[in-house]
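> Got a predicted structure plus its sequence, pasted below:
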Amino acid sequence: MASEPRPKRARPHRLERLRHEGLKPQVKGHAGMAENAVVDCGWGRLLFVQTYPAAGPLIEALRAEGPDRRDIAFYVRNPHVLLAQAPQELFLDPSHTYRLNLATYRAGRRQPRGFSVRRLASEADAEAINRIYATRKMVQAPPGFIWSRRDDRTLTYLVAEDSVTGEVIGTVTGVNHQRGFGDPECGSSLWCLAVDPQATLPGVGEALVRRLSEHFKTQGLNYMDLSVMHDNEQAIGLYDKLGFRRVSFFGVKRKNPINEALFTGPTDNHGLNPYGRIIVDEARRRGIHVEVIDAEGGLFRLTWGGRSIRCRESLSELTSAVALSICDDKRMTRRIVEEAGVRVPERIDPEDTAALEAALDTHGQLVVKPARGEQGKGVAVGLSSLKDVQAAISAARQLCPEVLVEEQVAGEDLRLVLIDYKVVAAAVRRPPRVVGDGRLTLRALIEHQSRRRSAATGGESRIPLDGETERALAENGWSLDDVAPQGEEITVRKAANLHLGGTIHDVTDEVHPALVRAAVAAARAIDIPVTGIDLMVKSPREPDYAFIEANERPGLANHEPQPTAERFLDLLFPLSAQTAARTALNRADH
């Protein structure tokens, strides 16, 4: 008679996972472990709930949260019980927790290309970390705090540095639980993974996570946990790829203005693009009533104190139809601002072949653009032959019968945002570029960079694979199917338009006064209260410039963290700023 099969025993590591990946148990009776453990990260504090013997001290610790800070109670065992004791003050963070088992983790074989990952090395690094936090709408930490923790045994700051420019393009922070509070489980956690949205090099986030994992593994730690928003599909995809597993731990936060979007629930502005959403969000913070009329078109109505104003993103009823028509016709815009003493590029008659040839001999390169249009459509830059100029004129006429041909002014594309005839933000816009890795074709690199730009801008920026891209590559001897050597930087379009994959770099604090005066003069000549003035400049720090165009609906979201939305609402509802300030003070008091 055959013996009955013996039941299989669960493998030890499966049993261990069942024990350690359920709700976090209260850790008791371990010598050397701190009670009521808190780790200050600068942007806020981490409260390790497994070290709190009761809910009362934890709630009091969360109430002690500093202004403009975001504290996180992590590893909450029974969140429903905790929230029931302070339902008006606390909320359950809508994030997932993921864990990497460092004992089984294996380092990646691919090395970073075009950048390196290193420890924090200077105060400039700390300032760069904050700059990236700001672009990602994360709570910033005082640079002095970050720099003072450079040799800290609990906190580890890593940065990714571009090998060509030396700029910091990514950052991550690690917390060693054993050193932070004597964790008997020898754990660690990852926080504040952020990559500069302007970065062109692939794999920055992955390299930062891997480097931190290897760092903690060499320290003998058992695992690394992290918290990620439930809808951050891009980050979750990366963590899945690296071997993280989702675990059932929870975070609890305090209801404060920073966290407001997490606990108030969804609004009716989900269909708005980033340019409309930034204004609507600021309006709601001030108590201004918002009615979204047409989300797809960016149209909404703002009402406060008996005053009602319709807006299409940053274009409001305060901009007159005459000012709008001036901006709509680039030929008229040129004439108006030139009459006001603003320098404009030389214009060439597109019908005069001899004049075009003479202009090419004089200037070397020309620009062709439709007289009416937006988002860079139909604009051809850096044309150096009559054949290319005439082809660009024909292409531009597909969008608008009237075409503008101008001299190509060498330099950088500077956008100045003016609200109420004051410069609120300034940024240099640069054409899209990719960096060769010796493996992928330029087509693949462009597609990857385009997806990255789209993710960073809410779908507003993509690099087209069109004739203009092919022409820009061909001028430098490349085609879409070529493989560029590792580290080779290649500009893939000439125009710096953000909608076509360009990047933007804040220079608000560096702009020369002459450029500010020129922008203000142009705005006053058009008589437009909100505008984006585009200049070609040798440098934002120098006075030389040439006026390019005026945009009647500048994208305010492109210039964060500059207070563009705040100043826009100040213009529309001047007294709402005082009300918002009083509300914020009352919230802080309570």
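In hand now; what should we look at?

> so where is the stretch 1-150 of the chain shaky, pLDDT-wise?
Along the stretch 1-150 of the chain, the parts satisfying pLDDT under 70 run over 1-31.

> And Arg347, how far from Phe547?
With the distance defined as Cβ to Cβ, to the nearest Å, Arg347 ends up 12 Å from Phe547. Using the backbone N, CA and C atoms, a C-beta is placed for each residue, glycine as well.

> again but with Gly436, I slipped
Going from Gly436 to Phe547 by Cβ to Cβ gives 36 Å.

> low-scoring stretches of the chain, by residue?
1-31, 266-270, 375, 456-458, 578-590.

> if we can go back for a sec, what is in contact with Arg347 and Phe547 at once?
Arg334 (Cβ atoms under 8 Å, 6 or more residues apart in numbering).

> Helix or strand: which one has Pro570?
Not Pro; residue 570 is Asp. Here Asp570, judged by DSSP states H and E, is contained in helix 564-572.

> And the contacts of that helix?
So helix 564-572 is in contact with 278-279, 281-283, 286, 288, 302, 309, 311, 314, 316, 318, 417, 419-420, 422, 424-425, 529-530, 556-557, 576-577, going by Cβ under 8 Å, 6+ apart.

> 6 Å - rerun?
For helix 564-572, the external contacting residues (Cβ atoms under 6 Å, 6 or more residues apart in numbering) are Ile278, Ile279, Glu282, Ile309, Val417, Ile419, Asp420, Val424, Ala425, Leu556, Ala577.

> and Arg347 and Phe547? which has more neighbours close in?
Taking neighbours as other Cβ atoms under 10 Å, Arg347 and Phe547 compare with Phe547 leading, 23 against 16.

> Confirm for me that the more buried one is in contact with Val344.
Yes. The pair Phe547 / Val344 is scored as a contact, 4.9 Å apart, by Cβ atoms under 6 Å.

> and the nearest residue to Arg553 once chain neighbours are set aside, how many neighbours?
Nearest residue to Arg553 in three dimensions, chain neighbours excluded: Leu315, at 4.2 Å (Cβ to Cβ, 6 or more residues apart in numbering). Close neighbours of Leu315, defined as other Cβ under 10 Å, add up to 21.

> Surely Leu315 is in contact with Asn551?
No. Counting by Cβ under 6 Å, Leu315 stays clear of Asn551, with 9.6 Å between them.

> picking up where we left off before, can you pick out the most distant pair from the contacts of helix 564-572?
Within those, two members stand farthest from each other by Cβ to Cβ: Ile309 and Ala425, at 21.5 Å.

> higher neighbour count, those two?
For Ile309 versus Ala425, neighbours defined as other Cβ under 10 Å are more numerous around Ala425 (25 against 16).

> secondary structure class for the more buried one?
What DSSP: H, G, I helix; E, B strand; the rest coil gives for Ala425 is strand.

> residues in contact with it?
Residues in contact with Ala425 (Cβ under 6 Å, 6+ apart) are Val417, Thr508, His559, Gln562, Thr564.

> mind checking how far it is from Ile336?
23 Å.

> Which residue ranges of the stretch 1-150 of the chain form helices?
12-20, 55-63, 79-85, 123-135, 143-148 (DSSP state H, counting those that start in this stretch).

> so which of those comes closest to Ala472?
So among the helices of the stretch 1-150 of the chain, helix 123-135 is nearest, using Cβ to Cβ, at 26.2 Å.

> what sits up against that closest one?
Here helix 123-135 has contacts from Gln140, Pro143, Ile146, Trp147, Val159, Val168, Thr171, Ala194, Asp196, Pro197, Pro561, using Cβ under 6 Å, 6+ apart.

> how far away is the second one from Arg150?
Spelled out, it's Pro143. Distance from Pro143 to Arg150, by Cβ to Cβ: 11 Å.

> Can you select the buried ones among the contacts of helix 564-572 for me in PyMOL?
Here is the PyMOL command that selects only those of the contacts of helix 564-572 that count as buried (16 or more other Cβ atoms under 10 Å):
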select buried, resi 278+279+282+309+417+419+424+425+556
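
> Contact partners for Met332?
Ile326.

> In terms of helix, strand or coil, where does it fall?
Applying three-state DSSP: Met332 is helix.

> Then the one 4 residues further on?
Going by three-state DSSP, the secondary structure assigned to Ile336 is helix.

> Contact partners for it?
Applying Cβ under 6 Å, 6+ apart, the residues contacting Ile336 are Ile326, Ala525, Ile526.

> Arg493 now?
Per Cβ under 6 Å, 6+ apart, neighbours of Arg493: Pro431, Pro432, Thr469, Ala472.

> The residue nearest to Gln398 when sequence neighbours are not counted: how many residues sit nearby?
Distances taken as Cβ to Cβ, 6+ apart place Gly378 nearest to Gln398, at 7.2 Å, with adjacent residues excluded. Using other Cβ under 10 Å, Gly378 has 22 other residues around it.
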